[in-house]
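Visitor: Whatever this is, show me its structure:
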Amino acid sequence: MRRVRVPVAPLGSGVLELDRETSRYVTRVLRLMVGATFVAFDPEARTEALCEVVSIGKDQARVVASELSPATSVAQRAVTLIQCVGKGDKLDAVVRDATELGATEVLAATSARSVATKAGTSQLARLRRIAVEAARQCGRGDVPRVEAARPLEVVLSEVDAAVRVALLPEGEARYVDLVAGAASLALLVGPEGGFEDDELASMRAHGFRGATLGPFVLRTETVAAAALGTAMALGDWGIKPR
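Guide: Here you go, the predicted model:
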């Protein structure tokens with residue numbers, strides 16, 4: 001039976017007093033009682049420990065954590081997902097899927113056909129919480145670096161990956177042929193309306209090759225999941241099994 005996992009940061013060994021939010025999650029959502037155990041993980045430090053609940057107060061729970069150990073399941077290869085901002089809350093789904101499928105960076109970008117959204121620290125904090133929750137659910141011991149949206153040209157100029165692929169309906173190559181065996185990978189996904197000609201030129205100038213996932217035009221929030229899932233299925237990078 002798989003143990004319950006709870007994000008705890010910062011995580012240390014010995015007696016820990018959980019913060020109010022984590023205490024409420026442990027005692028009211030999970031309904032753990034004194035003597036129950038769970039795996040605590042610190043996604044930033046990539047560490048984990050077995051914890052036992054030793055006391056429960058009105059708004060705070062106290063646990064005893066074992067010696068820290070490296071997180072069991074973490075992303076093994078660097079993969080950067082550049083997602084151009086789309087309508088509504090599509091980034092929420094993209095960050096969730098990317099975390100579950102082993103991305104190590106999720107970089108939002110604004111392009112000519114991106115839809116303007118309200119950006120700010122609250123949105124970024126929400127996206128990072130989504131990544132942590134997705135890691136908890138899928139058994140991952142780390143989370144991707146998630147950054148606020150910046151201009152596409154700025155993001156492209158900072159990418160460092162052995163293989164760089166732009167997912168395009170009219171891409172000249174098959175996606176699977178480009179990513180097999182890649183030591184590190186960068187994926188670029190456009191907004192609903194696609195890219196302008198000058199953006200395509202910039203993309204290629206920065207070393208990105210156009211590739212297609214198949215004969216159908218996918219929604220922008222579907223492309224990332226399809227591309228990351230395909231790369232994981234190929235076995236070239238992904239989550240280290242327990």
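Visitor: Might you report the residue contacts of residue 49?
Guide: 11, 13, 39, 40, 65, 66, 67, 68, 69 (C-beta atoms under 8 Å, 6 or more residues apart in numbering). To be clear about C-beta, it is placed using only N, CA and C from the backbone, and glycine gets the same treatment.
Visitor: The fifth one against residue 18, yeah?
Guide: Read it as residue 65. No: with contact defined as C-beta atoms under 8 Å, residue 65 does not reach residue 18; the gap is 10.3 Å.
Visitor: Those two: which is more packed in?
Guide: residue 18 (22 against 18; other C-beta atoms under 10 Å).
Visitor: pLDDT at the more buried one, what is it?
Guide: Model confidence at residue 18, given as pLDDT, is 95.
Visitor: which ones are touching it?
Guide: Per C-beta under 8 Å, 6+ apart, neighbours of residue 18: 8, 26, 60, 61, 62, 63.
Visitor: how much space is there between it and residue 72?
Guide: 21 Å (C-beta to C-beta, to the nearest Å).
Visitor: check contacts around residue 27.
Guide: 53, 56, 61.
Visitor: ok, now how distant is residue 7 from residue 135?
Guide: Taking C-beta to C-beta, one finds residue 7 at 7 Å from residue 135.
Visitor: Please enumerate the shared neighbours of those two.
Guide: Joint contacts of residue 7 and residue 135 (C-beta under 8 Å, 6+ apart) are 41, 43.
Visitor: Nearest to the spatial middle of this protein, which residue is it?
Guide: Most central in the chain under C-alpha atoms, centre = their mean is residue 99, positioned 2.8 Å from the mean C-alpha point.
Visitor: you'd agree it is up against residue 128?
Guide: No: here residue 99 does not reach residue 128: they are 10.2 Å apart, not a contact under C-beta under 8 Å.
Visitor: shared neighbours of these two, which are they?
Guide: With C-beta under 8 Å, 6+ apart as the test, residue 99 and residue 128 both reach residue 143.
Visitor: which of the contacts of residue 18 has the most neighbours?
Guide: residue 63 (28 neighbours).
Visitor: Can you show me the helices along the protein?
Guide: Secondary structure of the chain, counting by DSSP state H: helices at 20-24, 90-100, 121-138, 152-158, 175-179, 197-205, 220-234.
Visitor: Those helices: which one's closest to residue 45?
Guide: helix 121-138 (12.7 Å; C-beta to C-beta).
Visitor: Report the buried residues of that closest one.
Guide: Across helix 121-138, burial judged by 16 or more other C-beta atoms under 10 Å covers 123, 124, 126, 127, 128, 130, 131, 132, 134, 135, 136.
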